[in-house]
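In: Any chance you can model this:
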Amino acid sequence: MCRNITPLRGLEPAATPEEVTAAALQYVRKVGGLSSISEATRPAVDDAVAEIAAATNRLLARLPERKMPPKTIPPLRRPEVQARIHAHD
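Out: Below is the predicted model:
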């Protein structure tokens with residue numbers, strides 16, 4: 001599990017719905033202490049991810065533009081992550 005939540009504000013191009021959902025899931029897993037999602041935890045996790053993603057979208061829409069882009073590239077934009085995703089398709 002990742003230690004840090006991925007910064008999404010100031011990305012060029014803007015954060016995608018998939019990136020927002022991935023960040024929300026990262027947050028839910030961290031706060032919930034979940035290293036994996038079981039059938040017992042899935043409904044609660046799915047509901048929380050949807051709510052946090054919606055709140056994240058509202059937050060990003062209301063914040064002023066960032067003067068400097070984030071120092072790290074979101075995981076879904078990293079070539080090695082994209083390669084792993086495409087390998088599973």
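
In: got the buried residues for the helix or strand harbouring residue 54?
Out: In this assignment (DSSP states H and E), residue 54 forms part of helix 42-62. Buried positions in helix 42-62, judged by neighbour count with 16 or more other CB atoms under 10 Å: 45, 48-49, 52-53, 56-57. Bear in mind the C-beta positions are built from the backbone N, C-alpha and C, glycine included.

In: Need the CA coordinates for the lowest-mean-pLDDT helix or strand in the chain. PDB is fine.
Out: The weakest-scoring helix or strand in the chain, judged by mean pLDDT, DSSP states H and E, is helix 79-88 (a mean of 84). Output for helix 79-88, consisting of C-alpha atoms alone and laid out as PDB, is shown next (Å, rounded to 0.1, in the frame of the first residue of the first chain):
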ATOM      1  CA  PRO A  79       5.200   4.200 -18.200                       C
ATOM      2  CA  GLU A  80       5.900   1.200 -16.000                       C
ATOM      3  CA  VAL A  81       2.400   1.200 -14.600                       C
ATOM      4  CA  GLN A  82       0.900   1.600 -18.000                       C
ATOM      5  CA  ALA A  83       2.900  -1.400 -19.200                       C
ATOM      6  CA  ARG A  84       1.600  -3.500 -16.300                       C
ATOM      7  CA  ILE A  85      -2.000  -2.400 -17.000                       C
ATOM      8  CA  HIS A  86      -1.700  -3.300 -20.700                       C
ATOM      9  CA  ALA A  87      -0.100  -6.600 -19.900                       C
ATOM     10  CA  HIS A  88      -3.200  -7.600 -18.000                       C
END
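
In: and that helix, how far from the chain's centre?
Out: From the chain centre to the centre of helix 79-88 is a distance of 17 Å (CA atoms, centre = their mean, to the nearest Å).

In: Could you list the residues in contact with that helix?
Out: Contacts made with helix 79-88 from outside it, assessed by CB atoms under 8 Å, 6 or more residues apart in numbering, are listed as 75-76.
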